[in-house]
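S.K.: Here's a sequence, model it:
(one chain, ligands or ions: 1)
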Amino acid sequence: MLNIVVCVSGGGTNLQAIIDGVKNGRIKETRITGVISNNESAYALKRAEQNHIPAFCISPKSFSDREKYNDAFLDRLEELNPDLIVLAGFLVILPPKMIETYRGRIINIHPSLIPAFCGTGFYGLKVHEAALERGVKITGATVHYVDEGTDTGRIICQKSVQVLEDDTPETLQKRVMEQAEWIILPQAINEIAAGYGKTNG
Ligand code: GAR
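M.R.: Numbers count the residues shown, from 1 in each chain. Modelled structure (predicted):
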């Protein structure tokens, strides 16, 4: 059984896709042991509570400095002891120690076809604004491992989505979520869980 912790900052539709995937069997041999948000008003926390998943808000705002926040975040992760950490719209820079401790065990979903429209400053709607501004006809989403860089880790899977003539950042974001993110993130977790089962009995 792969124990996962999902880190979120906002609406949590990707978290919902994972919860649904675990329920409907698209994600096998996986248990969500906790959800951590940096934002107390994130709707993702409600989704976790509604599904009886332990939910925690650890906000940088509640700590006098970044180091104290990082320590609290790392302590909570250690308690939850995840086999895999899933960043599902988590908009916080990770503590370097977290990347070191969980190397090869953190994945992220990004709403573009990396290496397009990624890196510092590219998150949420901004990614789709940039794609429309550049006039690309195809965009999509990427699931990748997390390393020290921003969106630089090894790519696990990608799915393309068509851009339409009359798209706005909002309509494009919705299509990328529906046709790519909510499909490939559960898929990637299921594949990792299958591999984990083989090596860990
Ligand atoms: C998603 O589109 C996700 O790909 C993006 O934030 C959104 C979160 O939505 N993540 C990034 O931009 C990371 N660089 P959600 O809270 O509804 O899952």
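
S.K.: how many other residues sit next to the residue in the chain positioned nearest to the ligand?
M.R.: Per Cβ to the nearest ligand atom, the residue of the chain with the smallest distance to the ligand is residue 89, at 2.5 Å. Heads up, the C-betas are built off the backbone N, CA and C, glycines and all. Applying other Cβ atoms under 10 Å, we find 25 other residues in the vicinity of residue 89.

S.K.: Please apply the same query to the one 3 residues further on.
M.R.: Summarising burial for residue 92: neighbours were counted as other Cβ under 10 Å, giving 18.

S.K.: And the residue nearest to it when sequence neighbours are not counted, its phi and psi?
M.R.: The shortest distance from residue 92 to any non-neighbouring residue, by Cβ to Cβ, 6 or more residues apart in numbering, is to residue 38 (4.8 Å). Dihedral angles of residue 38 (phi, psi; degrees, to the nearest 10) stand at phi -90, psi 0.

S.K.: cool, the one 10 residues further on as well?
M.R.: Comment: the main-chain dihedrals of residue 48 come out as phi -60, psi -50, following degrees, to the nearest 10.

S.K.: so what's it up against?
M.R.: Residue 48 makes contact with 6, 12, 15, 32, 35, 54-55, according to Cβ atoms under 8 Å, 6 or more residues apart in numbering.
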